[in-house]
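Asker: Need the 3D shape of this:
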Amino acid sequence: MKFHLLALATLAVSGAAHADDIALWNFNSFNCTSNCTAPKATQTANGGVLSAVGAVTFSSAGGSGTGSALNTTSYPAQGTGNLTRGVQFTVSTLGYTDIVLSFAQRNSNTASAWTTLRYTLDGSTWQTATSFLMPAAQSTTFVNGITYDFSSIVGANDNDNFGIQLLTSFAPGTSSYLATGTGASYGTGGTIRYDNVLFTGNAIPDAPLPVPEPHTYALMLAGLATVGLMARRRRAN
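Answerer: As a prediction, this is how the structure comes out:
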């Protein structure tokens, strides 16, 4: 199922207000001009890895706030490579449920207006979550608070192999990319910036202590009786 950006951004995250941060990339300390190594997560609960999909290259650029953002470029030629280039975040969700992704995105005029969000539950097989359109009016500014709620996908919970991809995709029903800017032509040098990529979830409560078997109770009582007897003997002496 495909959603326009505004529909995607308004997906409610009912549990997110009190959720815990699982992994965050805010890129504030990222400073690299070209062909950069993927920056490490700003903070993680279980660890997380950012990587390029396909031949996409990384650099830093102005972020949605005062810091930096991840700038990506080197996308496929027009009419080729649908869903083959973009960014990938692998994040262990062990100990968490109700996973929610949020991020900010900014496209240049010549970048693909359509992006597809995919996810994996086993680290290798990818499924489409949604596709969204960046508005032409936003081609020079960030769209903040883009959100996708994975809480209905049970397999995303408590999963060491969870991950997502954000990939450029053909316009629906076509075999070509649509440029983001009004009247612009798509180009391989178009750039897409990502900032404040955040995964949240609800911590799974500690499992209750197991109930001892009857024979375990008997051993415990016998041990307590022995300790009490030894204590009385010491007092008597």
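
Asker: what's the helix or strand for the residue nearest to Ala61 when sequence neighbours are not counted?
Answerer: If the residues on either side of it in the chain are set aside, Ala61 comes closest to Asn71, at 3.8 Å by CB to CB, 6 or more residues apart in numbering. Heads up, the C-betas are built off the backbone N, CA and C, glycines and all. When elements are defined using DSSP states H and E, Asn71 is found to belong to strand 68-73.

Asker: After that strand, which helix or strand is next?
Answerer: Elements were assigned by DSSP H and E; along the chain past strand 68-73, the next helix or strand is strand 86-91.

Asker: Need the residues that contact that next one.
Answerer: Counting contacts by CB atoms under 8 Å, 6 or more residues apart in numbering, the residues outside strand 86-91 that touch it are 22-23, 25, 44, 46-54, 56, 70, 72, 115, 123, 161-168, 192, 194, 197, 199.

Asker: Just the buried ones out of these, please.
Answerer: The neighbour-count criterion (16 or more other CB atoms under 10 Å) marks 22-23, 25, 44, 48, 50, 52-54, 56, 70, 72, 115, 161-168, 192, 194, 197, 199 among the contacts of strand 86-91 as buried.

Asker: re the thing from before, summarise which helices and strands the strand holding Asn71 is packed against.
Answerer: In terms of contacts (3 or more CB pairs under 8 Å, 6 or more residues apart in numbering; DSSP states H and E), strand 68-73 is packed against strand 57-62, strand 86-91, strand 192-203.

Asker: What is the longest one packed up against?
Answerer: If contacts are counted by 3+ CB pairs under 8 Å, 6+ apart, strand 192-203 sits against strand 20-25, strand 68-73, strand 86-91, strand 96-107.

Asker: do you know how far Ser112 is from Thr37?
Answerer: Here Ser112 is placed at a distance of 24 Å from Thr37 (CB to CB, to the nearest Å).

Asker: neighbour count winner among those two?
Answerer: For Ser112 versus Thr37, the count of surrounding residues by other CB atoms under 10 Å is larger for Ser112: 29 against 10.

Asker: what pairs with the more buried one across the strands?
Answerer: In this structure, Ser112 has beta-bridge partners Ala179, where bridges are defined by DSSP bridges.

Asker: before we move on, what about Phe132?
Answerer: Per DSSP bridges, residues listed as beta-bridge partners of Phe132: Thr115.

Asker: cool, and Leu198?
Answerer: Leu198 has the following beta-bridge partners by DSSP bridges: Leu24, Ser102.

Asker: count of neighbours near it?
Answerer: Neighbouring residues of Leu198 were enumerated by other CB under 10 Å; the total is 20.

Asker: any idea how far Thr128 is from it?
Answerer: In this structure, Leu198 and Thr128 are separated by 21 Å, where distance is defined by CB to CB.

Asker: ok, now Gly48?
Answerer: Taking CB to CB as the measure, Gly48 and Thr128 are separated by 21 Å.

Asker: repeat for Thr90
Answerer: Taking CB to CB as the criterion, Thr90 is separated from Thr128 by 17 Å.

Asker: Of the two, give the one with the bigger neighbour count.
Answerer: Neighbours of Thr90 and Thr128, each counted by other CB under 10 Å, are more numerous for Thr90; the result is 18 against 15.
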